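Asks: missing the sequence, but the structure's below:
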């Protein structure tokens, strides 16, 4: 098997095709979109191949037939027809005001006018854009294709400044509304970005977009499937554990076929190491801040449920936790169901990379830096591996005692009732361990189940005022939480943990092994 060039960071279809890079053929999706509609919108997380797909569409409409030989689209498209393509991308730079946005849009329009050999007679942004489309149609004799990449980035870059974000949102709405008004001169339009802003806030003038974000047949429009690994990347799989690849990087789903993040796999094939390559490219600072301010119950973070409307309700003034985590790629769809005509989604972590890395980032945000360092996490793993329960009790007691009083006073999250159990959970999750929070049985809800080293650890947490009362372990026994696990034949350990509000540490850590 011949190895090819790994297209790490390459977003240009021509470069991939002309330099013998690996290429996962998405041209079938491109033709399907073109044949079945006119106006589309797609939301996908960062580094998922959106820009490359947009560039592929541009080359299809530009009629560069030689680039498509051997691909699905080659025998199905009239390469003699060439359409004028207007391309707008907000990927570069950071725009901090409406003035900077309008200046950037002006530059993009100027670039397109020069490339297409036309000049709009108007001066306003909306007028120039409409004039560009009309003039390009008249000049080239074919209706115009408009492709917008990172349509939402100017807003996302300013979410910490809502006033600026609103101004920029209004500026983008002024731009995008032109697309509908120019329908007579339009052949095709495709807008893509990370988030899906509500139509009312951003697309009020462009309500004819077909949103294919959660569409079964387009679930794999970006990303790599299991079949792609077998057929395209087979030369790279030698000496790599396929189950481990799947656990670390697969699992993103938009109600259809699950996919891998391309950036992760390409870095894995080059470096031959399992690491959070995608997560490390951009620390989700804003997301961590929001989750902290909302005092999110961390053990339930990977089990959120929402309806379709709420999942799409994203705006500067309204960002639900579920929509924020889903659209940024930190949660994905586990399953969907229809109840009385309404669509509902169960969300989950897509894979180990996201689960482990996000909880590590939250642990670091919710505790002083020294409390969450790598040595402590490594020590925790070793103690659990040895079933050293006395050591585990000392570990967590020292962990919370080591948090300075000033830190508690300066960080409101520490006054949240679920703070202690959330941090406890994040300590284990940051190691990538198999945790099931709030597992239901006939007896009620168990706080946390941990499966590790062919053993089962069942945790119950209680917050007390000052001294341990033994209620956590007693509840585990009284409610028979171990019963559903006995059939496995694995050792079971009941662990009751009690935290003191006043002393701010673990005051009870009782263990009973069955």
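Replies: Arrived safely, thanks for sending. Treat the numbers as computed from the prediction; the structure is a model and nothing was measured.
Asks: ramachandran angles for residue 297?
Replies: phi -80, psi 100 (degrees, to the nearest 10).
Asks: excluding sequence neighbours, find me the nearest residue to it.
Replies: residue 418 (5.0 Å; CB to CB, 6 or more residues apart in numbering). For every residue, glycine as well, the C-beta is placed using N, CA and C.
Asks: so who does that neighbour touch?
Replies: 295, 297-298 (CB atoms under 8 Å, 6 or more residues apart in numbering).
Asks: out of these, which are buried?
Replies: By neighbour count, with 16 or more other CB atoms under 10 Å, the contacts of residue 418 hold 297-298 as buried.
Asks: quick check: which element contains residue 494?
Replies: Residue 494 belongs to strand 492-500 when elements are defined using DSSP states H and E.
Asks: give the pairing partners of that strand; include direction for each.
Replies: Its sheet considered, strand 492-500 pairs with strand 455-464 (parallel), strand 505-513 (antiparallel) by DSSP bridges.
Asks: looking at those strands, which is buried most?
Replies: strand 455-464 (a mean of 20; mean count of other CB atoms under 10 Å).
Asks: who are the neighbours in contact with residue 12?
Replies: Each residue near residue 12 by CB under 8 Å, 6+ apart is listed here: 52, 55.
Asks: mind giving me TSV with the strands paired with strand 492-500 and columns for mean pLDDT and distance to residue 56?
Replies: Listed next are the strands paired with strand 492-500 as TSV, based on pLDDT from 0 to 100; distance: least, CB to CB, whole Å:
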stretch	mean pLDDT	distance to residue 56
strand 455-464	93	48
strand 505-513	94	55
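Asks: how about those strands in a markdown table, adding distance to residue 220?
Replies: A markdown table is the format used below for the strands paired with strand 492-500 (distance: least, CB to CB, whole Å):
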| stretch | distance to residue 220 |
| --- | --- |
| strand 455-464 | 36 |
| strand 505-513 | 46 |
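Asks: among those, which is nearest residue 326?
Replies: Residue 326 lies closest, by CB to CB, to one member of those: strand 455-464, at 27.6 Å.
Asks: residue 91: what's it in contact with?
Replies: Residue 91 touches 51, 149-150, 153, counting by CB under 8 Å, 6+ apart.
Asks: I figured residue 193 hits residue 157, correct?
Replies: No. Using CB atoms under 8 Å, residue 193 makes no contact with residue 157, being 11.9 Å away.
Asks: neighbour count: these two, which is higher?
Replies: Taking other CB atoms under 10 Å, residue 193 and residue 157 do not tie; residue 193 has more neighbours (23 against 18).
Asks: once you drop chain neighbours, what's closest to the more buried one?
Replies: residue 152 (3.9 Å).
Asks: ok, back up a step: for the strand holding residue 494, the distance to its chain's centre please.
Replies: Centroid separation for strand 492-500 versus its chain: 33 Å, with CA atoms, centre = their mean, to the nearest Å.
Asks: next one: stretch 135-143
Replies: The answer for stretch 135-143 is 39 Å, by CA atoms, centre = their mean.
Asks: can you check what pLDDT the model gives residue 341?
Replies: pLDDT for residue 341: 85.
Asks: what bits of this structure have low per-residue confidence?
Replies: Across the chain, residues meeting the criterion (pLDDT under 70) sit at 198-201, 204-205, 313, 369-372, 439-444.
Asks: most centrally placed residue in it?
Replies: Nearest to the geometric centre of the chain sits residue 329, at 0.7 Å (CA atoms, centre = their mean).
Asks: list the contacts for residue 64?
Replies: residue 14.
Asks: that older thread, list buried residues within the contacts of residue 91.
Replies: Buried subset of the contacts of residue 91 (neighbour count, 16+ other CB under 10 Å): 51, 149-150, 153.
Asks: show me the contacts of residue 91 that map onto helices.
Replies: Of the positions in these, 51, 153 sit in helices, assigned by DSSP state H.
Asks: out of the contacts of residue 91, who's nearest residue 138?
Replies: residue 149 (25.6 Å).
Asks: residue contacts, the residue nearest to the centre of the chain?
Replies: Neighbouring residues of residue 329 by CB under 8 Å, 6+ apart: 44-46, 48, 194, 252, 261, 278, 350, 354.
Asks: quick one, helices of the stretch 201-350 of the chain?
Replies: With DSSP state H, counting those that start in this stretch as the criterion, the stretch 201-350 of the chain has helices at 226-231, 242-249, 262-271, 277-280, 285-293, 308-312, 321-327.
Asks: out of these, indicate the one that is most buried.
Replies: Highest mean neighbour count of those: helix 321-327, a mean of 22 (counted as mean count of other CB under 10 Å).
Asks: mind giving me the packing neighbours of that helix?
Replies: Contact analysis of helix 321-327 by 3 or more CB pairs under 8 Å, 6 or more residues apart in numbering; DSSP states H and E lists helix 285-293, strand 305-307, helix 308-312, strand 314-315, strand 342-348 as its packing neighbours.
Asks: nearest approach to residue 499 belongs to which of the strands paired with strand 492-500?
Replies: Closest among the strands paired with strand 492-500, using CB to CB: strand 455-464, at 5.1 Å.
Asks: which residues touch the closest one?
Replies: Defining contact as CB under 8 Å, 6+ apart, one finds that strand 455-464 is touched by 384, 387, 417, 420-421, 424, 446-451, 469, 471-473, 475-476, 481-482, 485, 488, 490-501, 507-508.
Asks: filter these down to the buried ones, ChimeraX style.
Replies: In ChimeraX syntax, the buried subset of the contacts of strand 455-464 is picked out as below (16+ other CB under 10 Å):
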select :384,387,420,421,424,446,447,448,449,450,471,472,473,475,476,481,482,485,492,493,494,495,496,497,498,499,500,507,508
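Asks: residues touching the closest residue to residue 327 other than its chain neighbours, list them.
Replies: Leaving aside its sequence neighbours, residue 327 sits nearest to residue 195 (CB to CB, 6+ apart; 4.7 Å). Counting by CB under 8 Å, 6+ apart, residue 195 makes contact with 43, 152, 155-156, 314, 327-328.
Asks: can I get the residues you listed in a markdown table including distance to residue 336?
Replies: Formatted as a markdown table, the contacts of residue 195 follow (distance: CB to CB, whole Å):
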| residue | distance to residue 336 |
| --- | --- |
| 43 | 16 |
| 152 | 24 |
| 155 | 28 |
| 156 | 26 |
| 314 | 19 |
| 327 | 16 |
| 328 | 20 |
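Asks: with distance to residue 109 as added columns, please give the helices and strands packed on helix 321-327 in CSV.
Replies: Converted to CSV, these look like this (distance: least, CB to CB, whole Å):
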stretch, distance to residue 109
helix 285-293, 30
strand 305-307, 38
helix 308-312, 30
strand 314-315, 26
strand 342-348, 39
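Asks: minimum distance to residue 3: which of the ones you listed has it?
Replies: Minimum separation from residue 3 across these (CB to CB) falls at strand 342-348, 34.3 Å.
Asks: which one of the buried ones among the contacts of residue 91 is nearest residue 162?
Replies: Checking these against residue 162 with CB to CB, the nearest one is residue 153 at 16.5 Å.
Asks: figure out the helix or strand that residue 425 lives in.
Replies: helix 419-429.
Asks: which SS state does residue 196 fall under?
Replies: For residue 196, the secondary structure call by DSSP: H, G, I helix; E, B strand; the rest coil comes out as coil.
Asks: so which residues of the stretch 101-250 of the chain form strands?
Replies: For the stretch 101-250 of the chain, strands defined by DSSP state E, counting those that start in this stretch occupy the ranges 144-149, 186-193, 210-211.
Asks: no further questions, thank you.
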